[in-house]
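Asker: No sequence on hand, only this structure:
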């Protein structure tokens with residue numbers, strides 16, 4: 001009985017969610033041979049506001065009628081941030097914004113608050129990674145449909 005629970009928990013681990021996302025983006029990247037074909041092609045399943053784009057300071061920018069090319073670029077960027085880590089991302093921000101622009105205030109919290117905060121962010125990260133994985137798979141399938149190989153691997 002313990003083995004079933006362990007495999008279920010392992011399947012839903014953050015590490016596996018990141019691997020699924022990275023795998024979906026790698027598959028998307030290998031499938032999409034001509035990314036410029038994605039310009040001005042909307043994702044049919046996406047009817048609402050798309051918060052995938054970010055500005056140079058990291059804050060979200062919301063677009064309504066986003067195209068697949070923007071999602072393609074954003075998904076690859078997120079994959080690179082996961083693979084190369086926050087340190088490289090912070091260094092890139094420092095180069096763009098200057099060192100003084102990155103100073104932030106820190107709030108000190110007790111041990112109990114840190115655990116709750118960790119679980120809150122872990123749950124949020126897992127949810128976001130699942131949504132991004134679905135988006136990468138959708139983009140890959142739509143690209144296949146656009147170039148006429150829609151029946152392959154769907």
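Answerer: Okay, I see it. Every value quoted in this text rests on a predicted model; they were computed, and no experiment measured them.
Asker: could you pull out the helices for the protein?
Answerer: For the chain, the helices defined by DSSP state H occupy 2-11, 14-31, 68-97, 111-147.
Asker: Please work out which of those helices is packed deepest.
Answerer: For those, the largest average neighbour count (mean count of other C-beta atoms under 10 Å) is found in helix 14-31, namely a mean of 16. In short, each C-beta sits where N, CA and C put it, glycine included.
Asker: what helices or strands is that one leaning on?
Answerer: Secondary-structure packing of helix 14-31 (3 or more C-beta pairs under 8 Å, 6 or more residues apart in numbering; DSSP states H and E): helix 68-97, helix 111-147.
Asker: Dump those into CSV; add mean pLDDT and distance to residue 25 as well.
Answerer: Shown next, in CSV, are the helices and strands packed on helix 14-31 (pLDDT from 0 to 100; distance: least, C-beta to C-beta, whole Å):
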stretch, mean pLDDT, distance to residue 25
helix 68-97, 79, 4
helix 111-147, 89, 5
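Asker: And these: which comes nearest residue 23?
Answerer: When the helices and strands packed on helix 14-31 are compared by C-beta to C-beta, helix 111-147 sits nearest residue 23, at 8.3 Å.
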